[in-house]
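Undergrad: Below is the sequence, then the predicted model.
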Amino acid sequence: MYLNKAMVYGNLTRDPEMKALPSGMQVCSFSLATNRVYNDRDGKRQEAVDYHNIVVFGKTAENVGKYMTKGSSIFVEGRMQTRSWEKDGVKQYRTEVIADRVQFGPKGSGAPSTSASGAAADTGSQDKGASVLPDYPEEEINPEDIPF
């Protein structure tokens with residue numbers, strides 16, 4: 001058995017683009033940016049950004065087009081697909097994630113709209129400056145320090 005599964009969490013690099021197929025089904029496409037942090041050979045901390053083309057169909061596409069904008073966080077689960085076409089005698093390729101599921105990320109300035117348990121956070125009783133996320137240490141974790 002073969003497996004074609006993609007899971008990507010990142011921020012939209014542009015507003016979603018809505019189109020309709022001749023059948024009337026809605027199609028939404030957008031680009032998603034993800035980043036990773038690593039240490040190079042010299043031990044310097046580096047950050048790399050990757051961009052992913054995402055395509056969503058149906059009711060999910062309508063919701064993405066309605067609620068998501070540039071900079072919004074989103075989790076996409078789907079499959080990888082590469083299309084090809086010819087333009088001016090040159091073969092063009094585009095690899096996309098065809099989304100089966102999407103989950104919207106936190107709204108606003110990156111503060112989560114739900115608590116760790118998944119229940120809605122009561123923003124009325126919290127101090128506006130208080131963070132819902134725990135404070136993580138700034139230094140990197142040495143794998144040799146982990147006891148298991």
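TA: Received it, and whenever you're ready, just let me know what you need.

Undergrad: E140 - that's part of a strand, no?
TA: No. Counting by DSSP: H, G, I helix; E, B strand; the rest coil, one finds E140 to be coil, located in no strand.

Undergrad: Can you check the pLDDT for the residue located most distally from the centre of the chain?
TA: Residue farthest from the centre of the chain, counting by C-alpha atoms, centre = their mean, is G89 at 34.1 Å. In the predicted model, G89 carries a pLDDT score of 92.

Undergrad: Tell me which residues touch it, please.
TA: Neighbouring residues of G89 by C-beta atoms under 8 Å, 6 or more residues apart in numbering: there are none. Placement of C-beta: from N, CA and C, glycine included.

Undergrad: since we're on A33, how many residues are nearby?
TA: A33 sits with 15 neighbouring residues when counted by other C-beta atoms under 10 Å.

Undergrad: so which strand or helix has it?
TA: Assessed by DSSP states H and E, A33 sits inside strand 26-39.

Undergrad: Send me that strand as CSV with only the CA atoms.
TA: The C-alpha trace of strand 26-39 is given here as CSV (Å, rounded to 0.1, in the frame of the first residue of the first chain):
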residue,chain,number,x,y,z
GLN,A,26,-16.4,26.2,-5.6
VAL,A,27,-12.5,26.0,-5.7
CYS,A,28,-10.3,28.0,-3.4
SER,A,29,-6.5,28.3,-3.9
PHE,A,30,-4.0,30.0,-1.7
SER,A,31,-0.3,29.8,-0.7
LEU,A,32,0.8,28.9,2.8
ALA,A,33,4.2,29.7,4.4
THR,A,34,5.8,27.4,6.9
ASN,A,35,9.2,28.0,8.6
ARG,A,36,11.7,25.8,10.4
VAL,A,37,14.6,26.7,12.7
TYR,A,38,17.8,24.7,12.7
ASN,A,39,21.5,25.0,13.5
